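Enquirer: sequence and predicted model, in that order:
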Amino acid sequence: MMKQNMVFIVFLIQNIAFVNQLKTRTDVHSESFKSHIRDYSRLMEDLHRSLDHVMAGGGATAVSRHTERGKLLARSRIEKLLDPGTPFLEFSTLAANGQYDDAFPGAGIVTGAGIISGHEVIIIANDATVKGGTYVRETIAKHVRAQEIALNNHLPVVYLVDSGGVFLPDQARVFPDKEDFGRLFYHQARMSAMSLHQVSIVMGSCTAGGAYVPAMSDETIIVRDQGTIFIGGPPLVKAATGEEVTAEELGGGRVHTQISGVADHLAENDDHALEICRNLFSSIPKKQKYPLDTTAPEPPLYDPQELYGIAPLDLKKTIDPREIIMRLTDGSRFHEFKKEYGPTLVTGFARLMGYPVGILANYGVLDSAAALKGSHFVQLCQSRKMPIIFLQHISGFVVGKKWEHDGLAKHGAKFIHAVANANVPRFTIIFGGSFGAGNYAMSGRAFEPNLLFMWPNARISVMGGEQAAGVLTSVKVQQMNKQGKEVNQKEIDTIREKILKQYKHESSAYYSTSRLWDDGIIDPAETRNILAMGISMALNKPFGQMKNGVFRM
């Protein structure tokens, strides 16, 4: 009898797996698919060229000058700090791309998440080869964003300090406001109060306000004859007091480990400093992660590399997001929720690298049914304490008299309420277009997902360029008619072309990532791995209690 029961259970499990397994409708051997991959490959080549520019730092001369001093480059420091063979999830690699005449590759700072002595840690490393590691607006935004990720996931932080402080020509844009330079220290104080361990390794200059980074850390390591910490450097001291003093005499390693007490550990060189840091983390007790019901990871049935042939290049076309989902989830399984209701939003449950997740993915505009379906599904994920993944390719909410009479605004508001108050980790991938209020409902940047990434083909703006051009040219025609003027079609066409050009430039993934509107442009084939790392990080923080605001019934 027991044997028969076991056979039945195995049969049941196998059939459930079969029912939930998605089947592709994409012919990966077709000429159109191969042509799509060739077109997408050109986007990937552009991405790799941009990344190569950042990896080169401040250029050959600056790199040589840096290494001749016996100093490691920023990414080499990170590599030596991390546990061997473990990944590093870098954030906002292309920050400041296309700005400042491309003189601040990566905004002069490297940030990301990695593993040190078994601890998941956020790392913030100045790249001194880029304008001496000084801070422009995007540098600060990138530094602050990394701290926010640490706060949101209850992660410790390591600062690899090698910076000349604020880039003085940009001071009016980086000093006084809420999210400017002072925010770095505000976050440090808050993290300290939350018992999130912070370690600074001073491997070069650390001057002016930047001196508070090591001063506010739990523990600080400084490299002998290389690291310096001072509120005012030798030129300022000379100007203010007439005193002549060298940088080493003013704030070098011996001063701060033997006299001032600002630093705690004196290292002989970069390698020694990184070794000390690793030893510090080996002595910190590991925290218990949130107990998700995980299983052994399975690869998808379909190759994630096929996403190059599926990602939308023409954003006016919808694609079945199940084709993306089946290349992300374990065994390409997906238990769909409300499949026949509100079909322009695909929702369902799956596992990704063994983690249980809820997925919402766009399959057209959001209407009332899709909004209600999304609200219901997000609440289910909250109730089940399950991380949520949003896959965006959305032109916005549907428009028209029928939908306004149907109460679309109040139904959309319910969806937005649910997403804004979701107390489980949320991750957003923009794989196509992200336009209008659809961006908000699908957990856009304003709704503070744990992480948000874009694919190279993605675009983001208040509406599509064609729609914007249509609206603005219509307004111009109305103005001409009211003024009794003859409509000048040439002028209308000029306005239209100008708007289309502007939107094409300002809606690109590169424009977005340069300004830190996302956490980076990623390789579509790496989406699954990146989401898994994000979920793993999020489990360091307990999930909150389910809550919702007031909404119209």
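Expert: Okay, I see it. Residues are numbered from 1 along each chain as shown.
Enquirer: separation between Val199 and Glu340?
Expert: Between Val199 and Glu340 the computed distance is 54 Å (CB to CB, to the nearest Å). Where C-beta positions appear, they are placed from N, C-alpha and C, glycine not excepted.
Enquirer: likewise Ile124?
Expert: As defined by CB to CB, Ile124 lies at a distance of 48 Å from Glu340.
Enquirer: compare those two (neighbour count), which wins?
Expert: Between Ile124 and Glu340, counting by other CB atoms under 10 Å, Ile124 is the more crowded of the two (25 against 6).
Enquirer: surely the more buried one and Ala146 touch.
Expert: Yes. Between Ile124 and Ala146 there is a contact under CB atoms under 8 Å: 5.1 Å.
Enquirer: now do the shared contacts for the two.
Expert: Common contact partners of Ile124 and Ala146 (CB atoms under 8 Å, 6 or more residues apart in numbering): Thr111, Val157.
Enquirer: let me see the contact set for Leu315.
Expert: Leu315 neighbours (CB under 8 Å, 6+ apart): His393, Gly432, Gly433, Asn457, Arg459, Gly464.
Enquirer: skipping its backbone neighbours, what lies nearest the last one in space?
Expert: Nearest non-adjacent residue to Gly464, counting by CB to CB, 6 or more residues apart in numbering: Phe435, 5.6 Å away.
Enquirer: what pairs with the helix or strand harbouring Thr111, and is each one parallel or antiparallel?
Expert: Here Thr111, judged by DSSP states H and E, is contained in strand 109-116. Here strand 109-116 is paired, per DSSP bridges, with strand 89-91 (antiparallel), strand 119-126 (antiparallel).
Enquirer: which other residues reach the shortest one?
Expert: When you say that, I think you mean strand 89-91. 110-114, 142, 145-146, 149, 519-520, 530, 533-534.
Enquirer: identify the bridge partners of Leu366.
Expert: Here Leu366 sits in beta bridges with Phe397, as judged by DSSP bridges.
Enquirer: in terms of pLDDT, where does it sit?
Expert: pLDDT recorded at Leu366 is 93.
Enquirer: surely it meets Val346?
Expert: No. Contact criterion CB under 8 Å: Leu366 and Val346 do not qualify, at 11.9 Å.
Enquirer: pull the contacting residues for Gly209.
Expert: Gly209 neighbours (CB under 8 Å, 6+ apart): Gly165, Val166, Phe181, Gly182, Phe185.
Enquirer: how about those in CSV, adding distance to Gly412?
Expert: Compiled in CSV, these are given as follows (distance: CB to CB, whole Å):
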residue, distance to Gly412
Gly165, 45
Val166, 42
Phe181, 38
Gly182, 37
Phe185, 39
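Enquirer: so which of these are in helices?
Expert: Taking DSSP state H, the ones among the contacts of Gly209 that sit in helices are Gly182, Phe185.
Enquirer: and the contacts of Gly209, which of them are buried?
Expert: Buried subset of the contacts of Gly209 (neighbour count, 16 or more other CB atoms under 10 Å): Gly165, Val166, Phe181, Gly182.
Enquirer: which one of those residues is nearest to Glu219?
Expert: Using CB to CB, Gly165 comes nearest to Glu219 of the buried ones among the contacts of Gly209, at 21.9 Å.
Enquirer: what does the pLDDT read for that closest one?
Expert: For Gly165, pLDDT reads 86.
Enquirer: is it true that it touches Gly204?
Expert: No. Using CB under 8 Å, Gly165 is not in contact with Gly204, being 11.6 Å away.
Enquirer: shaky segments in this structure?
Expert: Low-confidence segments of the chain, defined by pLDDT under 70: 1-19, 551-553.
Enquirer: and with 50 instead?
Expert: With pLDDT under 50 as the threshold, the chain has low-confidence stretches at 11-16.
Enquirer: top helix in it by residue count?
Expert: Ranked by number of residues, the top helix in the chain under DSSP H is helix 31-55.
Enquirer: same for that one, what does it pack against?
Expert: In this structure, helix 31-55 packs against no helix or strand, with contacts taken as 3 or more CB pairs under 8 Å, 6 or more residues apart in numbering; DSSP states H and E.
Enquirer: contacts for the helix or strand following it?
Expert: Scanning forward in sequence from helix 31-55 by DSSP H and E, the next helix or strand is helix 60-68. Residues outside helix 60-68 that contact it (CB under 8 Å, 6+ apart) are Ala56, Gly57, Leu73, Ala128, Thr129, Val130.
Enquirer: and the helices in the stretch 101-250 of the chain?
Expert: Ranges of helices within the stretch 101-250 of the chain are 137-153, 182-193, 212-215, 234-241, 247-251, based on DSSP state H, counting those that start in this stretch.
Enquirer: my guess is Glu179 contacts Ala141. True?
Expert: Yes. If you go by CB under 8 Å, Glu179 and Ala141 touch, sitting 7.0 Å apart.
Enquirer: who has more neighbours out of these two?
Expert: Neighbours per residue (other CB under 10 Å) separate Glu179 from Ala141, with Ala141 holding more: 23 against 13.
Enquirer: what sits against Lys339?
Expert: Here Lys339 is in contact with Val346, Gly348 (CB under 8 Å, 6+ apart).
Enquirer: picking that back up, out of the buried ones among the contacts of Gly209, which comes closest to Ser30?
Expert: Lowest distance from Ser30 to the buried ones among the contacts of Gly209 (CB to CB) belongs to Phe181, with 53.7 Å.
Enquirer: need the phi and psi values for the closest one.
Expert: phi -50, psi -40 (degrees, to the nearest 10).
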